[in-house]
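>>> Here is the input, now give the coordinates:
(chains A and B)
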There are 2 protein chains.
Amino acid sequence: MYFQRVKKMNFRNDLATKIALIDNELLKYLQQIQQDCPPQLYESLEYSLFPGGKRLRPVILLAVCEALGGRTEDALPFACALEIIHNYSLTHDDLPCMDDDDMRRGKPSNHKVFGEAMAILAGDGLLNLAYEIMAEFCSNNPNPNFLRAMAKIAKNAGVTGMVGGQALDIQQSADLRLIHENKTAKLFISAFAAGALCANNTGSIDFFENLGLNFGLAFQIMDDIDDGQSSSESELAVPLDDAAKMLQTLENSEFLQALLEYIFKGRE
Amino acid sequence: MYFQRVKKMNFRNDLATKIALIDNELLKYLQQIQQDCPPQLYESLEYSLFPGGKRLRPVILLAVCEALGGRTEDALPFACALEIIHNYSLTHDDLPCMDDDDMRRGKPSNHKVFGEAMAILAGDGLLNLAYEIMAEFCSNNPNPNFLRAMAKIAKNAGVTGMVGGQALDIQQSADLRLIHENKTAKLFISAFAAGALCANNTGSIDFFENLGLNFGLAFQIMDDIDDGQSSSESELAVPLDDAAKMLQTLENSEFLQALLEYIFKGRE
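Residues are numbered from 1 along each chain as shown, chains lettered A, B, ... in the order given. This next block holds a predicted model:
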């Protein structure tokens, strides 16, 4: 019991440290553009990025890199880029012609504050910023695995990935599993696989892509259940169980296992 | 007189060849995503990209690379990415909450055909696709100058570049020169500078960025004059004259000089 509590405290500390690291780095990137970015656009970007949500995708990316013995500073730019891509997609998804959400993370959504035009431009600017960050880092740190990480993040975010998933979602014609896989799981696949690539662990990419798929599907099904939508606990069990089992086979995965438990609140 | 006509014919042939090369490559990229892209989203992407306009930015990028002795196949992915970025920006700029344009290149604009949501997603998908193409190419062709070309294209397209220019434009608070520089000239700066980087001619980047700035400013002022807006021929003369003079100092720039004449219809 005492051991469990200590473990839990350590996990919470680790998580808070990682989130602080990511937030600081995101702020650093914002500071770099502030001078030459129109003030209202800058405010709109910052409003979409802060205060953040759980920072789950970048936390996973960092944790995978660290579990495989990689350097945190190599993973951080990709972690931030992935989080920025996630936040651009939320900003555009909330627009009236999309999901028409007035609230996001307990405050009015971007377009309610800055107007639709500025919200679209903030989303465009964030998406582009993610690639500015990765391109600049790759340019200064020539390592083919970093380039592969960027290419993977790009593909999973695009029209055969997340953007494609959102297109299927607004048409409501595709099956739910395909929507979940593209709209939600593809960014988690990026988080796990890019984390491995940043640690130069190229032999494990298939493993981590599969893990990211299961994690992402479980995450979206849980979200649907909590929203009172049609998905059931039994649907959740399969990918969640697969993800948990895969993590158990991984060395140094204590943090990731605790993260899974934390997110899925003992459902696994 | 005969010589002039032959030169003009050669230029027109060269231009048509370059545009065909770019269009073919763009089609190839579309074919690569078609299988895994939702059909309606795919149609919307294709509708934004084809039939194209003058393909001016990618033509310049190819021409600069060739003038400096570089290989066309090295410049082509960056040329296409730049054209795709230009087309995403038009798709988003035409939206009702932005410039609210119903027509583009003689046909209904994207959102008039596919709806606002799909037009936003098509724009997002195009922007992302540009980076998928460049990241994949850089990953397969490790050359630090290609990475620098991607980083430069990214920076010029972002919130301190084109997106920033559009934000200034919708607020109508900034001075016109700053809007022109960011909204229009930054992509031309990318075209000239990335063309030089693709030819591994790193010593000439400042020259080509300056040339791109003058060219871009002249292009936007001409556009404003033709639209009956406030800009005057005398404002046009300065950057156009500077661009023409810079081109004259450049070896193997016959095509680029003819292109300038062709675009500015003897105004220089």
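>>> CA atoms only for the host helix or strand of residue A:149, dumped as PDB, please.
Residue A:149 is part of helix A:144-157 when elements are defined by DSSP states H and E. Extracted in PDB, the C-alpha atoms of helix A:144-157 (Å, rounded to 0.1, in the frame of the first residue of the first chain):
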ATOM      1  CA  PRO A 144      18.000  10.500 -40.700                       C
ATOM      2  CA  ASN A 145      15.800   9.200 -37.900                       C
ATOM      3  CA  PHE A 146      14.700  12.700 -37.000                       C
ATOM      4  CA  LEU A 147      13.700  13.200 -40.700                       C
ATOM      5  CA  ARG A 148      11.800   9.900 -40.600                       C
ATOM      6  CA  ALA A 149      10.000  11.100 -37.400                       C
ATOM      7  CA  MET A 150       8.900  14.300 -39.200                       C
ATOM      8  CA  ALA A 151       7.800  12.400 -42.300                       C
ATOM      9  CA  LYS A 152       5.700  10.000 -40.100                       C
ATOM     10  CA  ILE A 153       4.100  12.900 -38.100                       C
ATOM     11  CA  ALA A 154       3.300  14.600 -41.400                       C
ATOM     12  CA  LYS A 155       1.700  11.600 -43.000                       C
ATOM     13  CA  ASN A 156      -0.400  10.700 -40.000                       C
ATOM     14  CA  ALA A 157      -1.700  14.300 -39.700                       C
END
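>>> is chain B contacted by it?
Yes - Helix A:144-157 reaches chain B (Cβ under 8 Å from any Cβ of the partner chain) through A:144, A:147, A:148, A:150, A:151, A:154, A:155, A:157. Any C-beta I mention is one placed from the backbone N, CA and C, and that applies to glycine too.
>>> Contact partners for residue A:196?
The contact partners of residue A:196, taken as Cβ atoms under 8 Å, 6 or more residues apart in numbering or on different chains, are A:64, A:65, A:68, A:202, A:204, A:205, A:208.
>>> how close does it get to residue B:99?
Distance, residue A:196 to residue B:99, using Cβ to Cβ, to the nearest Å: 44 Å.
>>> related to what we said a few turns ago, distance from the chain centre to the helix or strand just after the helix holding residue A:149, please.
Moving toward the C-terminus from helix A:144-157, the next helix or strand (DSSP H and E) is helix A:162-171. Mean-position distance between helix A:162-171 and its chain equals 17 Å (Cα atoms, centre = their mean, to the nearest Å).
>>> quick one: the helices in the stretch 1-150 of chain A?
In the stretch 1-150 of chain A, the segments counted as helices under DSSP state H, counting those that start in this stretch are A:2-34, A:39-49, A:56-67, A:72-93, A:110-114, A:116-140, A:144-157.
>>> got these as CSV, with mean neighbour count and distance to residue A:244 columns?
Listed next are the helices of the stretch 1-150 of chain A as CSV, based on neighbours: other Cβ atoms under 10 Å in any protein chain shown; distance: least, Cβ to Cβ, whole Å:
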stretch, mean neighbour count, distance to residue A:244
helix A:2-34, 14, 16
helix A:39-49, 21, 31
helix A:56-67, 26, 14
helix A:72-93, 24, 23
helix A:110-114, 21, 35
helix A:116-140, 26, 30
helix A:144-157, 25, 23
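>>> tell me which element the spatially closest residue to residue A:64 that is not a sequence neighbour is part of?
For residue A:64, ignoring the flanking residues on the chain, the nearest one in space by Cβ to Cβ, 6 or more residues apart in numbering or on different chains is residue A:195 at 2.9 Å. Element membership for residue A:195 (DSSP H and E) is helix A:186-198.
>>> Tabulate the CA atom coordinates of that helix in CSV.
Extracted in CSV, the C-alpha atoms of helix A:186-198 (Å, rounded to 0.1, in the frame of the first residue of the first chain):
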residue,chain,number,x,y,z
LYS,A,186,-3.1,8.5,-36.1
LEU,A,187,-1.7,11.2,-33.8
PHE,A,188,-1.1,8.6,-31.1
ILE,A,189,0.6,6.4,-33.6
SER,A,190,2.8,9.4,-34.4
ALA,A,191,3.5,9.9,-30.7
PHE,A,192,4.7,6.3,-30.1
ALA,A,193,6.6,5.9,-33.4
ALA,A,194,8.3,9.3,-33.4
GLY,A,195,9.3,8.7,-29.8
ALA,A,196,11.1,5.5,-30.9
LEU,A,197,12.7,7.2,-33.9
CYS,A,198,14.0,10.1,-31.7
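>>> Point out where chain A drops to low pLDDT.
A:1-3, A:230-231, A:266-268 (pLDDT under 70).
>>> Nearest to the spatial middle of it, which residue is it?
Per Cα atoms, centre = their mean, the C-alpha nearest to the average position across chain A is that of residue A:57, at 2.8 Å.
>>> Tell me how many other residues surround the residue nearest to that residue when sequence neighbours are not counted.
Excluding the flanking residues, the one nearest residue A:57 by Cβ to Cβ, 6+ apart is residue A:191, at 4.5 Å. Residue A:191 has 30 neighbours, counted by other Cβ atoms under 10 Å in any protein chain shown.
>>> Pull up the gap between residue A:191 and chain B, please.
17 Å (Cβ to the nearest Cβ, to the nearest Å).
>>> ok, now residue A:199?
Taking Cβ to the nearest Cβ, one finds residue A:199 at 17 Å from chain B.
>>> give the contact list for that residue.
Residue A:199 sits next to A:64, A:65, A:66, A:68, A:69, A:70, A:71, A:74, A:75 when contact means Cβ under 8 Å, 6+ apart.
>>> which residue packs closest to it, ignoring adjacent ones?
Going by Cβ to Cβ, 6+ apart, residue A:199 has residue A:70 as its nearest residue, at 2.7 Å.
>>> That neighbour is in contact with residue A:198, isn't it?
Yes - using Cβ atoms under 8 Å, residue A:70 is in contact with residue A:198, at 5.3 Å.
>>> neighbour count winner among those two?
Remark: of residue A:70 and residue A:198, residue A:198 carries more neighbours, 29 against 20, as counted by other Cβ under 10 Å.
>>> Look up how far chain B lies from that one.
14 Å.
>>> Could you do residue A:226 as well?
Residue A:226 is 25 Å from chain B, by Cβ to the nearest Cβ.
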